[in-house]
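Trainee: I would like to see how this sequence folds:
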Amino acid sequence: MKSYLLIALALALMAAAPLAYPGPLQTHSGFTELYAFYDGPSTGSGRGAETVGALPWGIAGVLRVTGLSPLDALKSITAVSFLLGALGMFLLARRWYGEAGALAAAALYTMLPYRLMTAYARGATGESLFLGLLPALCYALVGAGGWARARQRRLAGPGGNVLLAALSVAAIALLWTLCVPPAPDLRTTASAARIDLLALFAVPWNTGGSNGLDMAPIQLGIVPVGLSLVALVRQRNRRVVRLAAVAAALCLLSVVLFPAWWPWEAVLGMAGLLLSWLGGGAVSAAPPDGRLTSPPEVNRACVAVVLLAALSGYGYLAPRGLDYTPSHAPVARFGDAAYLVEAATVVAPSAQAGTPLTVTLIWQGLQPFDDDYTVFVHVLDEQDKIWAQGDAVPLNGARPTSGWRSGELLRDTHHLGVPAAAPRPLHLAIGLYRPGDGARLKTTRGEDRVILAPF
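Mentor: Numbers count the residues shown, from 1 in each chain. Coordinates of the predicted model:
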């Protein structure tokens, strides 16, 4: 057992390798989870457990006591989630398939595209933790169900099965509630994406969304599906057929149009777990006692093939790194579209013609803008009179807002000349407006501009 389990854990470490990058990773959630650790209402999406999830928030708090930074604490939770997921799936699948099948199932679940993209494209720490703990919870539920049936005959009938199913759903729902922020708008959802069966099983990972990194990462992967079909042929028993039927039902439930509160992410996670569990059966058809019905060398060869198939998802482990780590709350959040992460002002020595002023803005996109907006930087006096202004498409017209990618950082520099006659103190007002009608994009605090400290 030890060698198979060690291989499963080694695959989990491989899946967690991108977390060794020294800075943040570019994800759909941007710096939202990091900002939960900093004071300031301008994040606009709640803080603490409301943003990260109650359980990961508590774990991060414990890790921070040991001296870890908020970024390292969040990365540690995601890394441990991969290890727990591999261990839990190995123990769960070993009940049915023996050690060879358990390794195959653990490999499939570790390299499940949906799991990798939850961590590295969506940047959802709470959901990663949920997916990591889910196999262990299922292992406990399966064990509890067998124990109850063995000791209470009345639980062996249809009524008992319904009761155990209800308790299982309640336990999984409780785990989801503890790990994931309570409201859909506080999560990294793919609400703007087209969620369909093609997106679940297509080969390109970015099928089913908008453009580039912003496409919705909702794949379950064709490898677990194909191996599940092989397992159905090899196993040919009632429990595997039932498990496959539940997995198919969950896939359908994840793509049906439900209200915003519907946790389709949890449904997809369960579907991925069941497909990985089933896929382990493609290696060896073993009864519950773990005795293999095919020669060991055949099972080892099958394991090697499954591992190679699972590792085909290694291309997903290539997230983009960022060279900036925030140490405080953002200046502002403009709706659900972008953070104004930083606003640095450099005032040159005064001259007769005025005061040269350089303003460097750091933006981070969150979701695609509905239009191209112009950035304005105004220099105001105490009476709100404009003494200088700079209105321009970001990066001197090179990066219109409609082309911003989720999690991307953009450094936007504006040069202004403040007249020598301008009174002091002066303030900077920064915002975004639509050139067509002049409508300004409001912050999450309801303001149409951000006023910085005087200079």
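Trainee: show me where the stretch 1-150 of the chain has helices.
Mentor: 2-15, 32-35, 49-52, 54-65, 70-110, 113-120, 125-151 (DSSP state H, counting those that start in this stretch).
Trainee: Quick one: closest of these to Asp370.
Mentor: Minimum separation from Asp370 across those (Cβ to Cβ) falls at helix 32-35, 19.8 Å. Backbone N, C-alpha and C define where each C-beta goes, glycine included.
Trainee: Could you count how many residues lie near Asn396?
Mentor: 10 (other Cβ atoms under 10 Å).
Trainee: Check the gap between it and Ala388 for me.
Mentor: 18 Å (Cβ to Cβ, to the nearest Å).
Trainee: still on that earlier bit, CSV please, covering the helices of the stretch 1-150 of the chain and showing mean neighbour count.
Mentor: Conversion of those to CSV gives the following (neighbours: other Cβ atoms under 10 Å):
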stretch, mean neighbour count
helix 2-15, 17
helix 32-35, 26
helix 49-52, 22
helix 54-65, 18
helix 70-110, 26
helix 113-120, 26
helix 125-151, 20
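Trainee: mind checking which of those helices is nearest Arg424?
Mentor: Closest of the helices of the stretch 1-150 of the chain to Arg424 is helix 32-35, at 32.6 Å (criterion: Cβ to Cβ).
Trainee: Remind me what that closest one packs against, helices and strands.
Mentor: On a contact count with 3 or more Cβ pairs under 8 Å, 6 or more residues apart in numbering; DSSP states H and E, helix 32-35 meets helix 49-52, helix 70-110.
Trainee: hmm, back to that, could the helices of the stretch 1-150 of the chain go into JSON lines alongside distance to Tyr339?
Mentor: Below are the helices of the stretch 1-150 of the chain laid out as JSON lines (distance: least, Cβ to Cβ, whole Å):
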{"stretch": "helix 2-15", "distance to Tyr339": "28"}
{"stretch": "helix 32-35", "distance to Tyr339": "8"}
{"stretch": "helix 49-52", "distance to Tyr339": "13"}
{"stretch": "helix 54-65", "distance to Tyr339": "20"}
{"stretch": "helix 70-110", "distance to Tyr339": "16"}
{"stretch": "helix 113-120", "distance to Tyr339": "20"}
{"stretch": "helix 125-151", "distance to Tyr339": "18"}
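Trainee: and Leu452, which of these is closest to it?
Mentor: Comparing those by Cβ to Cβ, helix 32-35 comes nearest, at 18.4 Å.
Trainee: The closest one: how far from the chain's middle?
Mentor: The chain centroid and the centroid of helix 32-35 are separated by 13 Å, computed with Cα atoms, centre = their mean, to the nearest Å.
Trainee: Convert it to CSV, retaining C-alpha atoms only.
Mentor: What follows is helix 32-35, C-alpha atoms only, in CSV (Å, rounded to 0.1, in the frame of the first residue of the first chain):
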residue,chain,number,x,y,z
THR,A,32,-10.0,39.7,-3.6
GLU,A,33,-9.0,37.0,-1.1
LEU,A,34,-5.8,38.8,-0.1
TYR,A,35,-7.8,42.0,0.4
